[in-house]
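Peer 1: structure here, sequence nowhere to be found:
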């Protein structure tokens, strides 16, 4: 620990844990025998159905074709950023560096084989990520926690549509969970490299640099920058039309689209929300995120697992909710937050948090022949309300923990 980190470790720090220490790293539950018998068959069948029925059937929304053919154009030396952005089809939005990083996928010349491999890789990544989370939270892989989490995950809109649309979110979940595990075990350089890969593909992961920053963990920050900077430097030198990413794609990314967008700005555009009202909610929830970050910061040393997962989830949910584009299937990146239910303290110990989880994870459609407008609004607003509620739950829970601790110290003194 460097001098700055040592000094920071004494500032705004809880003197006692919230009771979330995990002493047994391979816990079992009394219900494992029955639970495994029930949930492993369900988990396996859900995986098979999602991968080999729903995903193979596909959907009119096809994220994979856009990426695959862009990578093929890159390998063939053709223009990459030639999209017509006023169409509502999925667009290729990856940076030149991400294009270079993902280019091996384009080397598979058989489109159907490439798509199937990509779907299976994402499904397997979700399963492995849930296994890592099971171990990270102190449970044995022989406990019922792993199959329960798999069955639950593959029942969500997030995993289902990731596989059906054939996008990369499953691999990104694995990268996120791997980053958490490496950071918690103090493998700083490796954690940074993994986070850098995630940032290269999706810049929404960049706020997670806050986690090593507040502990003055410069190794993780430095290695996280190496990947996106390095790949983009090479890509800009080797892709003749890479400048079009700045001239054509970046301006589009700065716009708030009014379709397939569950973020606050997206909903504001779709429903024609008055500007003052949108700004009010934006600054209100930005303040909620800041309050939550400050409150959670107190537990970065006493409860590192709880702090890391809750802070990371708060940052990610804040990005989903407040940025120009928030899509519901991003919500699988909040799976680690659900695992905090197994800890002694967690924002997920309230019914409001699970109402929020229903909002951003459920695949339910609320369209009704009787209540047409109400059903349509609920369907569109469900993930937005869910993200907003989970931001409030995390921030309020953390604030209450701090107030309770400070009040307890006052009584003792």
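Peer 2: It's in. Every value quoted in this text rests on a predicted model; they were computed, and no experiment measured them.
Peer 1: and the strands in the stretch 51-200 of the chain?
Peer 2: With DSSP state E, counting those that start in this stretch, there are no strands along the stretch 51-200 of the chain.
Peer 1: nearest residue to the residue nearest the centre of the chain other than its sequence neighbours?
Peer 2: The chain has residue 333 as the residue nearest its centroid, 2.4 Å off, counting by C-alpha atoms, centre = their mean. In this structure, residue 333 finds its nearest non-sequential neighbour in residue 316, 5.2 Å apart by C-beta to C-beta, 6 or more residues apart in numbering. Using the backbone N, CA and C atoms, a C-beta is placed for each residue, glycine as well.
Peer 1: thinking that neighbour is in contact with residue 207, fair?
Peer 2: Yes: contact criterion C-beta atoms under 8 Å: residue 316 and residue 207 qualify, at 7.4 Å.
Peer 1: so between the two, which is more surrounded?
Peer 2: More crowded of residue 316 and residue 207, by other C-beta atoms under 10 Å: residue 316, with 22 against 18.
Peer 1: dihedrals phi and psi, the more buried one?
Peer 2: Backbone torsions of residue 316, given as degrees, to the nearest 10, read phi -70, psi -50.
Peer 1: so how far is residue 339 from it?
Peer 2: 15 Å (C-beta to C-beta, to the nearest Å).
Peer 1: try residue 251
Peer 2: According to C-beta to C-beta, residue 251 and residue 339 sit 39 Å apart.
Peer 1: would you agree residue 360 is in contact with residue 391?
Peer 2: No: between residue 360 and residue 391 there is no contact under C-beta under 8 Å: 10.9 Å.
Peer 1: comparing those two, which residue is more hemmed in?
Peer 2: residue 360 (29 against 26).
Peer 1: okay, the more buried one: pLDDT?
Peer 2: On the pLDDT scale, residue 360 is placed at 98.
Peer 1: what about it, which helix or strand?
Peer 2: Following DSSP states H and E, one finds residue 360 within helix 351-361.
Peer 1: what packs against that helix?
Peer 2: helix 157-164, helix 372-412 (3 or more C-beta pairs under 8 Å, 6 or more residues apart in numbering; DSSP states H and E).
Peer 1: switch the cut-off to 6 Å
Peer 2: Packing partners of helix 351-361 (3 or more C-beta pairs under 6 Å, 6 or more residues apart in numbering; DSSP states H and E): helix 372-412.
Peer 1: quick one, what contacts the residue nearest to residue 42 when sequence neighbours are not counted?
Peer 2: Nearest non-adjacent residue to residue 42, counting by C-beta to C-beta, 6+ apart: residue 151, 4.6 Å away. Going by C-beta atoms under 6 Å, 6 or more residues apart in numbering, residue 151 touches 39, 42-43, 46.
Peer 1: redo those residues as CSV? Include secondary structure.
Peer 2: Output for the contacts of residue 151, formatted as CSV (DSSP: H, G, I helix; E, B strand; the rest coil):
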residue, secondary structure
39, helix
42, helix
43, helix
46, helix
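Peer 1: mind picking the two most distant members of these?
Peer 2: Of all pairs drawn from those, the greatest distance, 9.9 Å, lies between 39 and 46 (C-beta to C-beta).
Peer 1: domains of the protein?
Peer 2: Domain ranges of the chain: 29-255, 257-407, per automatic domain parsing.
Peer 1: could you point out which of the ones you listed sits nearest residue 15?
Peer 2: Of all those, it is domain 257-407 that lies closest to residue 15, at 7.3 Å by C-beta to C-beta.
Peer 1: how long is that closest one from one end to the other?
Peer 2: Distance across domain 257-407, first residue to last, is 46 Å (C-alpha to C-alpha, to the nearest Å).
Peer 1: for it, the distance to its chain's centre please.
Peer 2: Chain-centre distance of domain 257-407: 12 Å, with C-alpha atoms, centre = their mean, to the nearest Å.
Peer 1: contacts made by the helix holding residue 360 with the rest, please.
Peer 2: In this structure, residues lying in contact with helix 351-361 by C-beta under 6 Å, 6+ apart are 156, 158, 331, 347, 382-383, 385-387, 389-390, 393.
Peer 1: one more time with 8 Å, if that's ok
Peer 2: Contact with helix 351-361 is made by 156-158, 320, 328, 331, 334, 338, 347-348, 382-390, 392-393, as judged by C-beta atoms under 8 Å, 6 or more residues apart in numbering.
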